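Colleague: turn this into a structure:
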Amino acid sequence: MTAQAGKGSANGSDALRGLAASLDDSDRDRTVARNTRRVVMASMGVMKDQKAQRKRTRSLALAALVILLLIIGPLAWLVVDYFNSGGHIGDLTGEFTLWGCILCPALLAAALVAGWLRKR
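Modeller: Numbers count the residues shown, from 1 in each chain. Coordinates of the predicted model:
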């Protein structure tokens, strides 16, 4: 009986050691899961920020395009109307309107390139 009791206590201590080892493993697993969750949440925050930045950039590009059309549209209309009504390129009005049609997009393009280079 004593031999069996001693054997039973050895099995019990093995069971306790196994339980302690599994608890240590679960603590490690919990720590790894917590760290992984932190990394994933941080990555998700970064991805949301990047998506918001792309949205802002897209909306600014669209706004710039609308403003460009609102500024250059009437000027182009004026030039086309002037030359259709019999104006000549050598006239002072014709020259100034053509210069305006050339300079406005050129200045806008220069500003866009400067902004693009500054961000880069």
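Colleague: please count neighbours and contacts with C-alpha atoms only from this point.
Modeller: Will do.
Colleague: and the helices in this structure, which stretches?
Modeller: Counting by DSSP state H, the chain has helices at residues 2-84, 92-119.
Colleague: turn those into JSON lines, columns for mean pLDDT and mean neighbour count.
Modeller: Formatted as JSON lines, the helices of the chain follow (pLDDT from 0 to 100; neighbours: other CA atoms under 10 Å):
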{"stretch": "helix 2-84", "mean pLDDT": "78", "mean neighbour count": "12"}
{"stretch": "helix 92-119", "mean pLDDT": "79", "mean neighbour count": "13"}
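Colleague: look up how far residue 52 lies from residue 45.
Modeller: Going from residue 45 to residue 52 by CA to CA, to the nearest Å gives 11 Å.
Colleague: actually residue 41, not the one I wrote
Modeller: 16 Å.
Colleague: now swap in residue 120 and tell me
Modeller: 19 Å.
Colleague: likewise for residue 87?
Modeller: Following CA to CA, the distance that separates residue 87 from residue 52 is 50 Å.
Colleague: how about residue 66?
Modeller: In this view, residue 66 and residue 52 are 21 Å apart by CA to CA.
Colleague: grab the most central residue of the chain for me.
Modeller: residue 50 (2.6 Å; CA atoms, centre = their mean).
Colleague: quick one, what contacts that residue?
Modeller: By CA atoms under 8 Å, 6 or more residues apart in numbering, the contact set of residue 50 is empty.
Colleague: repeat that for residue 97.
Modeller: Residue 97 makes contact with 75, 78, 79 under the criterion CA under 8 Å, 6+ apart.
Colleague: which residue, other than its chain neighbours, is closest to the first one?
Modeller: The reference is to residue 75. Closest residue to residue 75 apart from its sequence neighbours, by CA to CA, 6 or more residues apart in numbering: residue 101 at 6.6 Å.
Colleague: done for today, thanks.
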